[in-house]
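Peer 1: okay, sequence plus prediction incoming.
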Amino acid sequence: MAQYKLSIIIPVYNVEKYLGECLNSILKQQHDGCEIILIDDGSTDSSGFLCDGYRAEDITVIHKQNGGLSSARNAGLDVASGKYVAFLDSDDRLSDGSIPSILEWIDKNDADICFMDAIVFYPDGRSRSLGDCIDQEEIRGKSKEEVFLHLSTRPKYPGSACTKLYRRDFLSEHGLRFPDDKRLSEDLGYVLDCMLTAEKFDCLNIPYYEYRQNREGSITARVDMKTFSGMQQFVEGASEKLCSGKIPNDRISEYSMSFVAYEYSIMVWRYAWLNAQDKKCAKTVLKKYKWVMAFSRSKKCKLVRWLINIAGLSAGSKILDMYLRNK
């Protein structure tokens with residue numbers, strides 16, 4: 001079996017319009033030492049057929065019954081052989097020149113997790129930074145507590161599984177896998193578990209991941225009770241993991257609660273998008289977990305905490321939504 005430096009796991013489901021652009025963003029780069037694993041998750045369009053057309057020595061294609069994004073990623077982890085693993089969604093793409101830089105980094109480093117830069121791009125050609133704003137100098141060579149302190153003050157929780165490199169043996173040794181229950185926002189808990197388990201971190205500040213926005217049919221483009229519940233599962237599960245009652249278990253848990261506060265603030269925003277019936281259930285959840293906002297460390301979260309304290313959940317959510325729509 002070839003010894004790869006990097007395994008890129010790409011779940012595929014009904015993305016015939018975007019799959020070529022996704023794969024070509026890798027193939028047009030110098031990618032010797034990199035394997036691509038395509039997981040056709042029961043596509044009903046021509047995506048599975050297109051995957052087969054890309055089969056090669058360094059491109060593996062697996063067809064499976066539809067099980068959702070987490071199931072597909074886990075299937076990729078089962079067969080990955082690279083020293084490091086990365087996840088790429090099949091409607092997104094990687095930045096030009098990123099793979100050679102990553103392969104060079106792998107030759108010289110052994111961090112459990114490496115944070116990467118990302119942008120979002122729109123159909124009209126606009127793009128902007130994803131906004132993680134992670135400073136390499138505050139990550140590389142720092143203690144775990146120092147890393148969490150820095151991350152806790154960032155504008156947002158770096159909860160995307162796709163903006164990181166993971167040492168494969170680290171994932172395997174600790175049984176770190178995605179929750180296979182078809183929840184949405186599955187990245188949030190997975191990334192937190194990986195971060196809490198990891199001991200050595202790094203950051204590679206190069207243009208790397210490019211998220212497609214406003215794709216027709218994308219589950220991330222919809223906001224309903226199912227998407228709200230995905231974030232709710234993270235807030236509930238992380239709070240229970242990190243705290244005894246409402247008190248963090250240790251300093252790292254305290255810093256990590258800032259990530260929970262960030263996702264809670266997103267729930268407040270998304271509350272404005274729900275229908276009247278769903279709002280009744282959502283409001284109960286938001287009231288129950290309002291206490292997590294006490295651990296806000298970023299300016300954005302502190303502003304949301306102030307807003308809902310002054311205006312209340314319903315009015316605060318509307319004001320936040322109007323602000324973000326017009327930003």
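Peer 2: Nice, I can see it.

Peer 1: quick check: which ranges of the stretch 151-300 of the chain have low pLDDT?
Peer 2: Residue ranges of the stretch 151-300 of the chain with pLDDT under 70: 215-223.

Peer 1: A helix includes L307, no?
Peer 2: Yes - counting by DSSP: H, G, I helix; E, B strand; the rest coil, L307 falls inside a helix.

Peer 1: which ones are touching it?
Peer 2: 316, 319-320 (Cβ atoms under 8 Å, 6 or more residues apart in numbering). To be clear about C-beta, it is placed using only N, CA and C from the backbone, and glycine gets the same treatment.

Peer 1: go through the residues you listed and name the one nearest D132.
Peer 2: L320 (20.5 Å; Cβ to Cβ).

Peer 1: gap between the closest residue to that closest one other than its chain neighbours and T153?
Peer 2: Excluding the flanking residues, the one nearest L320 by Cβ to Cβ, 6 or more residues apart in numbering is W269, at 5.0 Å. Distance of W269 to T153, computed by Cβ to Cβ, to the nearest Å: 20 Å.

Peer 1: more neighbours: these two, which one.
Peer 2: W269 (17 against 14; other Cβ atoms under 10 Å).

Peer 1: what about V191, how many neighbours?
Peer 2: Around V191 there are 23 residues (other Cβ under 10 Å).

Peer 1: that should have said K142, apologies.
Peer 2: So K142, with other Cβ under 10 Å, has 17 neighbours.

Peer 1: what sits against it?
Peer 2: 150, 201.

Peer 1: how near is it to I10?
Peer 2: Noted for K142: a distance of 32 Å to I10, by Cβ to Cβ.

Peer 1: related to what we said a few turns ago, mind giving me JSON lines with the contacts of L307 and columns for secondary structure and pLDDT?
Peer 2: Output for the contacts of L307, formatted as JSON lines (DSSP: H, G, I helix; E, B strand; the rest coil; pLDDT from 0 to 100):
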{"residue": "G316", "secondary structure": "helix", "pLDDT": "96"}
{"residue": "I319", "secondary structure": "helix", "pLDDT": "96"}
{"residue": "L320", "secondary structure": "helix", "pLDDT": "95"}
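
Peer 1: ok, so of those residues, who is nearest D181?
Peer 2: D181 lies nearest to L320 out of those, by Cβ to Cβ, at 29.4 Å.

Peer 1: wait, the closest one touches A272, no?
Peer 2: Yes - taking Cβ atoms under 8 Å as the definition, L320 is a contact partner of A272 at 7.1 Å.

Peer 1: hang on, the earlier thing: and the helix or strand harbouring the residue nearest to L320, what does it pack onto?
Peer 2: Using DSSP states H and E, the element containing W269 is helix 251-271. On a contact count with 3 or more Cβ pairs under 8 Å, 6 or more residues apart in numbering; DSSP states H and E, helix 251-271 meets helix 144-152, helix 186-197, helix 225-242, strand 247-248, helix 276-288, helix 299-311, helix 313-326.

Peer 1: what separation do you get for R183 and F234?
Peer 2: 9 Å.

Peer 1: how about the contacts made by E240?
Peer 2: So, once contact is read as Cβ under 8 Å, 6+ apart, E240 ends up touching nothing.

Peer 1: how deep is the closest residue to S265 other than its chain neighbours tucked in, by neighbour count?
Peer 2: Of all residues not flanking S265 in the chain, V304 sits nearest, at 4.1 Å (Cβ to Cβ, 6+ apart). Residues within reach of V304, counting by other Cβ under 10 Å, total 23.
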